[in-house]
Structures are given as C-alpha cells and as structure tokens.
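Participant: below is the sequence, then the predicted model.
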Amino acid sequence: MPSPSGKPPRYQMHLHNLRAMQQVGYVETEPRPYGPRHDERWESDIQILWVKGADGRVVNGFWPVYAGDGKSKQQARDAAAKAALEAIGIDVEALP
C-alpha cells in the first residue's frame, strides 16, 4: 500500500532503523534469484535474533525465518522485512 507520499513503504529501511536504535537484532540473506531467466524472481530471508521489549529488556527467543520474494532484489528484501516487522508487533500499515 502506498504511503501518503505515493511511494510504497520501505520496510527494509524501517527494520534497519530499528536495528540502528538497538531495538532489534537480525541477520538477513543476500537476495537470490530463482525461476526461468525470462521470468526471474528473487527471494530473501530475515532471521530475528532478539527484540527489545517495551520495558527495555531484551527478549531472546525463537522466531522463524521470514521469507520474501519479488520481481526485484528490493521487492524481495522489503517483503521479508514486512513479515519480520509484523512478527515483532509493528503496525506496518501505519508506517510512512
């Protein structure tokens, strides 16, 4: 869904900003292509390692790997980041 500016939200950027503020720790894979060359798609994964709770305590736990795919590397990264943001309780519809 496009933001008020008309551009689609950059979920990867929002997740990166949370990591920079030390609110979440994660690792991500480099996007990889799959499918036929004439209709190539990209897949990317994000694994959440820890999340800082509302009380400031770090919550370690088991989170599955969040996968995303798309027609470009950026779409794949954003799809995986969107799934990860939703999993840690971020309202992605409210992001600019």
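Facilitator: That came through, no problem.
Participant: report the rounded mean pLDDT for stretch 34-50.
Facilitator: Per-residue confidence for stretch 34-50 averages out to 96 on the pLDDT scale.
Participant: show me what secondary structure element comes after the lengthiest strand in the chain.
Facilitator: Using DSSP state E, we find that the single longest strand of the chain is strand 41-52. Under the assignment DSSP states H and E, the closest C-terminal helix or strand after strand 41-52 is strand 58-60.
Participant: rewinding a little: which strands or helices does the longest strand of the chain pack on?
Facilitator: With contacts defined as 3 or more Cβ pairs under 8 Å, 6 or more residues apart in numbering; DSSP states H and E, strand 41-52 has these neighbours: strand 24-28, strand 32-34, strand 58-60, strand 65-70, helix 73-87. All C-beta atoms are positioned from the backbone trio N, CA, C, and that covers glycine.
Participant: winner for burial among these?
Facilitator: With neighbours taken as mean count of other Cβ atoms under 10 Å, those reach their highest mean count in helix 73-87, at a mean of 21.
Participant: one step back: can I get the helices and strands packed on strand 41-52 in TSV including distance to residue 8?
Facilitator: As requested, those are exported to TSV (distance: least, Cβ to Cβ, whole Å):
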stretch	distance to residue 8
strand 24-28	19
strand 32-34	21
strand 58-60	29
strand 65-70	11
helix 73-87	8
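Participant: which stretch in these has the least confidence?
Facilitator: Per-segment mean pLDDT for the helices and strands packed on strand 41-52 reaches its minimum on strand 58-60, at a mean of 90.
Participant: tell me the helices and strands packed up against it.
Facilitator: For strand 58-60, the contact count by 3+ Cβ pairs under 8 Å, 6+ apart identifies strand 41-52 as packing neighbours.
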